[in-house]
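In: everything below, folded, please.
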Amino acid sequence: MAELIDGKQLAKQVNAQTKQAVAELKSNGILPKLVVIIVGNDEASEIYVRNKHRKAEQVGIISETKRLPENTTQTELLNLIDQYNQDPTVHGLMVQAPLPPQIDEAAVTRAILPIKDADGFNPENVGNLYSNSDLNFPVSCTPKGIMTMLKAYGVQLEGANAVIVGRSNIVGRPMAALLLNASATVTVVHSHTKDMKRFTRQADILIVATGIAHLIKGEDIKPGATVIDVGMNRDENGKLTGDVDFESATTVAGKITPVPGGVGPMTIASLMQQTVELAKWSE
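Out: Numbers count the residues shown, from 1 in each chain. A predicted model of the protein is given here:
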């Protein structure tokens, strides 16, 4: 049976370190602050935002949630972002996706100052990531959390064959860059890849982020591989389940993340960690 990568437990450790870092910053007169803007009434977004707010308060970060109506115009949203960009007390700023159709998500991403980009999505920060820059810059929180997990569980990255299933800007692409920067050999497969499972069966590290429940079965995994399941799907009974068929995968993998309790807690812990880093870098 595969070793369980306990994201819940690891997130507790990361959050404890973040809380300590917040206390140190406060002793130097810096009060880390995170602002989350949410537009409309998306139920899942509301849950995510509440969880972020609760965790921020627990670790001592000042947390502000700004709710805007569904009919907010792009100009109104961009003006609000500009106000927060100019506010020296705000260190981390993010706009919760999805956004209503009248708002261009890419324009919103570009509008957030790179030095306040809590999500790590601004093109300047993405460029720093892909060029393996030695500057301080934020990165997408889910891949950041996954890198923390891999390190904590002693997963060898240098020279490892890493396969990422999915090519989103939120997970797949930044994950590929982080693993490349760590000297792994990286393959990204997606919906247009021919014979995708030929690649997954060769992966020492397999990261799956597609939003398709149980896409990857045990037979698609190399024996002993480390499997990171980013998927958050609901089955026919409303139960949370991943992109990997956990039951069959645990009989083959060496290490594996559960859903829930794997990547999810680490994403929020990484957001808190990154907000503190942005506050430090603003000094």
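In: can you pull the contacts of N51?
Out: By Cβ atoms under 8 Å, 6 or more residues apart in numbering, the contact set of N51 is I268. For every residue, glycine as well, the C-beta is placed using N, CA and C.
In: which of the residues in whichever strand or helix holds it are buried?
Out: Secondary structure from DSSP states H and E places N51 in helix 43-59. Neighbour counts using 16 or more other Cβ atoms under 10 Å place 45, 48-49, 52-53, 55-56, 59 of helix 43-59 among the buried residues.
In: pick the one among these closest to K19.
Out: For these, the minimum distance to K19 (Cβ to Cβ) is 4.4 Å, reached by V59.
In: my read: the closest one touches K19, true?
Out: Yes. When contacts are counted by Cβ atoms under 8 Å, V59 is listed as touching K19 (4.4 Å).
In: got the buried residues for stretch 197-211?
Out: Using 16+ other Cβ under 10 Å as the test for burial, stretch 197-211 gives 197, 199-201, 203-210.
In: let me redo that: stretch 270-283
Out: Judged by neighbour count using 16+ other Cβ under 10 Å, the buried positions of stretch 270-283 are 270-280.
In: same thing with stretch 93-110?
Out: Under the neighbour-count criterion of 16+ other Cβ under 10 Å, stretch 93-110 has 93-97, 99-100, 103, 108-109 buried.
In: mind checking the pLDDT average for stretch 217-233?
Out: Stretch 217-233 shows a mean pLDDT of 97.
In: on that earlier part again, between the buried residues of stretch 197-211, which is closest to I37?
Out: Proximity of the buried residues of stretch 197-211 to I37 (Cβ to Cβ) peaks at A209, which lies at 24.4 Å.
In: against A56, how distant is that closest one?
Out: A209 sits 25 Å away from A56, going by Cβ to Cβ, to the nearest Å.
In: buried residues, stretch 180-200. List them.
Out: Going by neighbour count (16+ other Cβ under 10 Å), the buried part of stretch 180-200 is 181-182, 184, 186-189, 196-197, 199-200.
In: quick one: average confidence on the biggest helix by length in the chain?
Out: Counting residues, the longest helix found in the chain (DSSP state H) is helix 7-27. Averaged across helix 7-27, pLDDT comes to 98.
In: helices and strands around it, which ones?
Out: The contact analysis (3 or more Cβ pairs under 8 Å, 6 or more residues apart in numbering; DSSP states H and E) places helix 7-27 against helix 43-59, helix 141-152, helix 263-281.
In: that older thread, just the buried residues of stretch 197-211: which are in helices?
Out: Going by DSSP H, the helices hold 197, 199-200 from these.
In: would you mind splitting this protein into its domains for me?
Out: Per the record, the chain has its domains at 29-115, 141-263, by automatic domain parsing.
In: who's in contact with the closest residue to N41 other than its chain neighbours?
Out: Nearest residue to N41, sequence neighbours excluded (Cβ to Cβ, 6 or more residues apart in numbering): E70, at 6.4 Å. Applying Cβ under 8 Å, 6+ apart to E70 gives the contacts 39-41, 100.
In: does E70 count as helix, strand or coil?
Out: Under DSSP: H, G, I helix; E, B strand; the rest coil, the three-state class of E70 is coil.
In: for it, grab phi and psi.
Out: In terms of degrees, to the nearest 10, the main-chain angles of E70 are phi -60, psi -30.
In: and the gap between it and S183?
Out: 46 Å.
In: repeat that for R167.
Out: Taken as Cβ to Cβ, the span from R167 to S183 is 21 Å.
In: what is the nearest of the ones in helices among the buried residues of stretch 197-211 to P32?
Out: T200 (39.5 Å).
In: I'd guessed that closest one sits against V163; true?
Out: Yes. Between T200 and V163 there is a contact under Cβ under 8 Å: 5.6 Å.
In: which neighbours do these two have in common?
Out: In contact with both T200 and V163: 189, 206, using Cβ under 8 Å, 6+ apart.
In: Serialize the buried residues of stretch 270-283 to TSV and add fields for distance to G238 and pLDDT.
Out: As requested, the buried residues of stretch 270-283 are arranged in TSV below (distance: Cβ to Cβ, whole Å; pLDDT from 0 to 100):
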residue	distance to G238	pLDDT
S270	27	98
L271	26	98
M272	29	98
Q273	31	98
Q274	32	98
T275	32	98
V276	35	98
E277	37	98
L278	36	98
A279	39	98
K280	41	97
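In: please consider this matter closed, and thank you.
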